[in-house]
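S.K.: could you work out the structure for the sequence below:
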Amino acid sequence: MNKKEYLQELENYLNEFEFDKESISEIIEEYDMIIEEAQENNIYDESLEERIGTPKEIAKNLRKTEVFNRVKENKLVALSPFISVILFFVLGFGFGYWHPGWLVFLLIPITGILSEHKYKSKTIVSELSPFIALLVFLLIGLITDTWHPTWAIFFIIPASAILVDNNKYKIITSVSFILIPLVYVLSYYYFPFEYNWFIFLLLILPAYYGGVITFKINGKRNERLEKYSAIVLFSLVIIYLVLGTIFSIWHPLWIIFLLFPIYVIFASKKELNTSIPIVAYTPFIAVILFFVFGHFLNGYHWSWLFFLIIPMVAIIKE
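M.R.: Numbers count the residues shown, from 1 in each chain. Alright, predicted model coming up:
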């Protein structure tokens, strides 16, 4: 790999890890000088990765350093896991709210996202949208037992993510992912018909042209992975809507969507032709076990112990 290819790949990974343009420019300039100096010392192109490191390793380590410095500067981020545990036990032991008291653990990723001062406001909204959607969905569902069509709130996730992208169809696509679910909810309450969920088929074209599902392998988009991921996600939506309509098991059937990130991790492993640590799967496995045992055995007060699988597996693998 020559210097030009090396720096281009490094830039791709820096973009993938969401560094801002100014930081990317500074890093590329710095490594340009490092490579020049290496070549002056007779380190040829083929040994650049061995001496300096691969572009992916460099970008990953720089991102870790940035996150570490951010946590170090922001005490609230560092304290958020302890605050969440304290709140959880207060709600559980003090008021019997083990469920949905576990939602306080969402404070950990939320404080981490809010502490990133370099993000633009629209990026922060995009990063927070999964937690906002999950919080609204669970609160409405648990308080009013209205799981359907409350799940339509999850469409704010792609709607907000699209706005961050540079796709030329982003406005139309984003609006489509808000209006079409809204039309579905209105039809459910005011103009109900048996197969009103066919309305979501209208999202296929906006999703395709808006690049809703994008994945990068080695810093470049992988269209094959995107295509199969879209098929898997669309199939899960159909299964959820059909089984939900027939058997009225909107909750906890929604956890089947956790199979999507599990599939993406597994498929990425095959595309990269490398191993992905099992700890990457544990958050999704823990959530599935938590809701299955909590819902069917009425064990929300003890099934939260499944979340300990995450740090335990990480420690064992390390």
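
S.K.: what is the neighbour count of residue 233?
M.R.: By other C-beta atoms under 10 Å, 18 other residues sit near residue 233. Where you see a C-beta, it was placed from the backbone N, CA and C, and this is true even at glycine.

S.K.: now do it against residue 158, distance only.
M.R.: Separation of residue 233 from residue 158 (C-beta to C-beta, to the nearest Å): 10 Å.

S.K.: try residue 140
M.R.: From residue 140 over to residue 158 (counting by C-beta to C-beta), the distance is 20 Å.

S.K.: those two: which has the busier surroundings?
M.R.: residue 158 (22 against 15).

S.K.: name the element the nearest residue to residue 155 once chain neighbours are set aside belongs to?
M.R.: Computed as C-beta to C-beta, 6 or more residues apart in numbering, the closest residue to residue 155 that is not its neighbour in sequence is residue 181, at 4.3 Å. Secondary structure from DSSP states H and E places residue 181 in helix 170-190.

S.K.: can you list the helices and strands that that helix packs against?
M.R.: helix 156-164, helix 204-210 (3 or more C-beta pairs under 8 Å, 6 or more residues apart in numbering; DSSP states H and E).

S.K.: out of these, which is the most enclosed?
M.R.: Per-stretch averages of neighbours, counted by mean count of other C-beta atoms under 10 Å, single out helix 156-164 among the helices and strands packed on helix 170-190, with a mean of 20.

S.K.: quick one: that one to helix 170-190, angle?
M.R.: 160 degrees (axes from the mean of the first three to the mean of the last three C-alpha atoms, to 10 degrees).

S.K.: any idea how far helix 156-164 is from the chain center?
M.R.: 12 Å (C-alpha atoms, centre = their mean, to the nearest Å).

S.K.: all helices for the stretch 201-318 of the chain, in order.
M.R.: 204-210, 223-247, 250-253, 259-272, 282-296, 300-303, 309-317 (DSSP state H, counting those that start in this stretch).

S.K.: ranking the ones you listed by burial, who's on top?
M.R.: Buried most deeply of the helices of the stretch 201-318 of the chain, by mean count of other C-beta under 10 Å, is helix 250-253, with a mean of 18.

S.K.: that helix - contacts with which helices or strands?
M.R.: By 3+ C-beta pairs under 8 Å, 6+ apart, helix 250-253 packs against helix 223-247, helix 282-296.

S.K.: other residues contacting it?
M.R.: The contact list for helix 250-253 (C-beta atoms under 8 Å, 6 or more residues apart in numbering) reads 141, 147, 148, 151, 240, 243, 244, 291, 292, 295.

S.K.: contacts only, for the fourth one.
M.R.: Residues in contact with residue 151, defined by C-beta under 8 Å, 6+ apart, are 137, 240, 250, 254.

S.K.: tell me the least confident of these?
M.R.: Lowest pLDDT among the contacts of residue 151: residue 250, with 81.

S.K.: next one: that residue from residue 130, what distance?
M.R.: The value you get for residue 250 to residue 130, if C-beta to C-beta is used, is 19 Å.

S.K.: thinking again about what came up before, of all the helices and strands packed on helix 250-253, which lies closest to residue 97?
M.R.: helix 282-296 (13.1 Å; C-beta to C-beta).

S.K.: domains for the protein, by residue range?
M.R.: 3-65, 78-317 (automatic domain parsing).

S.K.: for those domains, which has the smallest mean pLDDT value?
M.R.: domain 3-65 (a mean of 75).

S.K.: quick one: end-to-end length of that one, please.
M.R.: 24 Å (C-alpha to C-alpha, to the nearest Å).

S.K.: and residue 152, how many neighbours?
M.R.: The tally of other residues near residue 152 (other C-beta under 10 Å) stands at 18.

S.K.: now do residue 248
M.R.: 11.

S.K.: need the three-state assignment for the nearest residue to it once chain neighbours are set aside.
M.R.: Spatial nearest neighbour of residue 248, chain neighbours left out: residue 148 (7.6 Å); criterion: C-beta to C-beta, 6+ apart. Using DSSP: H, G, I helix; E, B strand; the rest coil, the structure places residue 148 in coil.
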